[in-house]
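Participant: okay, sequence plus prediction incoming.
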Amino acid sequence: MFVRAYLRASTSEQDALRARASLEAFASEHRLHIASWYVENESGSKLARPELFRLLKDARAGDVLLVEQVDRLSRLTSDDWEKLKVEIAARSIRIVALDLPTSHMMATAGPDDFTARVFEAVNGMMLDVLAAVARKDYEDRRRRQEQGQAKAKAEGRYKGRPEDSKRNAIIAAMLSKGISWTQIQAGTGCSRATVAKIAVRLRGEVPA
């Protein structure tokens with residue numbers, strides 16, 4: 001059994017490694033060894049997350065997918081959450097989240113088969129509940145943000161987020177040299193969406 005830790009932050013401005021110490025402490029307390037780390041700056045509302053799917057590709061039956069909170073794994077719509085669960089189930093991966101105590105026993109091989117199946121059923125139900133709560137929280141925050149922006153625009157106060165011109169110039173230079181998007185993300189800490197935006201600019205499809 002391998003423990004594969006997944007760390008996610010929504011934007012390049014946020015620290016995806018923030019929760020690493022918490023996951024390491026949990027692993028130590030439960031006498032587990034984290035075999036590999038998967039870190040990315042992508043929105044949890046998106047199903048297409050390269051590092052998450054690299055984890056799923058690497059995983060073998062019985063491996064543990066360890067996260068700090070369920071919302072690090074999913075702020076997905078119900079349809080996309082179901083798709084992700086299918087991918088996880090197909091590989092027989094066990095999800096363990098620090099904020100979901102019913103999942104903690106999934107990190108050990110102690111219980112008998114019947115008890116394990118009961119906990120797996122309870123854990124699955126609780127995962128669905130927390131995933132739904134995470135999605136609602138995401139939608140509520142987006143709605144409040146849009147309302148605030150609309151009000152600021154109406155009052156002439158909204159200017160949008162300032163662009164990081166220096167970082168974007170570095171990204172453009174790296175793209176021009178043929179450096180891969182993955183290497184650019186690792187080197188600059190930006191999101192894949194930012195690399196895509198700069199790539200489009202370089203092709204002249206939108207004005208700089």
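Facilitator: Received the coordinates, thanks. Just so we're clear, the structure is a prediction, and the values are computed from it rather than from any experiment. Numbering: from 1, shown residues only.

Participant: can you list the low-confidence ranges for the chain?
Facilitator: 109-119, 122, 158-161, 205-208 (pLDDT under 70).

Participant: now the helices: where do they sit in it?
Facilitator: Applying DSSP state H to the chain gives helices spanning 20-29, 50-58, 70-73, 78-90, 113-154, 165-176, 181-188, 192-202.

Participant: my read: residue 81 touches residue 74, true?
Facilitator: Yes - in this structure, residue 81 is within contact of residue 74 by C-beta atoms under 8 Å, at 5.4 Å. For the C-beta atoms, the positions are set from N, CA and C on the backbone; glycine is no exception.

Participant: who's more crowded, the two?
Facilitator: residue 74 (27 against 20; other C-beta atoms under 10 Å).

Participant: so what are the domain limits for this protein?
Facilitator: Here the domain parsing of the chain from automatic domain parsing is 3-135, 165-202.

Participant: dump the ones you listed into TSV; add distance to residue 141 as well.
Facilitator: Output for the domains of the chain, formatted as TSV (distance: least, C-beta to C-beta, whole Å):
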stretch	distance to residue 141
domain 3-135	10
domain 165-202	18
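
Participant: between those domains, which gets nearest to residue 149?
Facilitator: Checking these against residue 149 by C-beta to C-beta gives domain 3-135 as the closest, at 16.4 Å.

Participant: now that closest one, how far from the chain's geometric center?
Facilitator: 10 Å (C-alpha atoms, centre = their mean, to the nearest Å).

Participant: hang on, the earlier thing: quick check: which of the helices of the chain is buried the most?
Facilitator: helix 70-73 (a mean of 22; mean count of other C-beta atoms under 10 Å).

Participant: could you check how far residue 147 is from residue 134?
Facilitator: Residue 147 is 21 Å from residue 134, where distance means C-beta to C-beta, to the nearest Å.

Participant: returning to what we had before: quick check: neighbours shared by residue 81 and residue 74?
Facilitator: 131, 135 (C-beta atoms under 8 Å, 6 or more residues apart in numbering).

Participant: tell me which of the helices of the chain sits nearest to residue 11.
Facilitator: The nearest among the helices of the chain, by C-beta to C-beta, is helix 192-202 at 9.1 Å.

Participant: who does the closest one touch, helix- and strand-wise?
Facilitator: helix 165-176, helix 181-188 (3 or more C-beta pairs under 8 Å, 6 or more residues apart in numbering; DSSP states H and E).

Participant: apply 6 Å and report the result again.
Facilitator: helix 165-176 (3 or more C-beta pairs under 6 Å, 6 or more residues apart in numbering; DSSP states H and E).

Participant: one step back: of the domains of the chain, which is nearest residue 151?
Facilitator: Nearest of the domains of the chain (C-beta to C-beta): domain 3-135, 22.6 Å.
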